[in-house]
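Visitor: 3D model of this:
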Amino acid sequence: MGHFHDEIPEYLIDWMLKQQMFWVASAPLSSDGLVNISPKGIEGTFHVVNTRRVWYEDLSGTGVFFLLSSWFSHLLTMTCYQALKQLHT
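Guide: All right, here's what the predicted structure looks like:
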């Protein structure tokens, strides 16, 4: 059986930080929505602030891909611009 806790027991914090994978779940407030559960597991991205708060760095989500692709596109555009500018001077 599962156990419910009001906060994370101290003895579980070290165990949690040693795990190579964790799961993030989100659900809508309405009863007709779907629950989304995503595995996460990049080493060092899960953090425990205290017995009532944890956080993680989302380094592999679709938002991250969008940001990286936008940054790379900008960098590529600037590089091409600089190269063309040098050709015409």
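Visitor: okay, domains of this structure per the record?
Guide: 1-57, 59-89 (automatic domain parsing).
Visitor: state the mean pLDDT of the first one.
Guide: Along domain 1-57, the predicted confidence averages to a pLDDT of 87.
Visitor: how long is it from one end to the other?
Guide: Start and end residues of domain 1-57 are separated by 30 Å (CA to CA, to the nearest Å).
Visitor: same question, stretch 10-24
Guide: Stretch 10-24 has an end-to-end distance of 21 Å (criterion: CA to CA).
Visitor: then stretch 15-29?
Guide: Length of stretch 15-29, first residue to last, CA to CA: 31 Å.
Visitor: repeat that for stretch 16-30.
Guide: Stretch 16-30 has an end-to-end distance of 31 Å (CA to CA).
Visitor: in three-state terms, how would V54 be classified?
Guide: strand (DSSP: H, G, I helix; E, B strand; the rest coil).
Visitor: next up, the contacts around the residue lying closest to it once chain neighbours are set aside.
Guide: With sequence-adjacent residues excluded and distances taken as CB to CB, 6 or more residues apart in numbering, V54 is closest to V48, at 5.2 Å. (Glycine included, C-beta is placed from N, CA and C.) Listed by CB atoms under 8 Å, 6 or more residues apart in numbering, the contact partners of V48 are 8, 13, 16-17, 54.
Visitor: from those, which two are the most distant?
Guide: Comparing every pair within those by CB to CB identifies I8 and L17 as the most remote, at 11.0 Å.
Visitor: cheers, nothing more for now.
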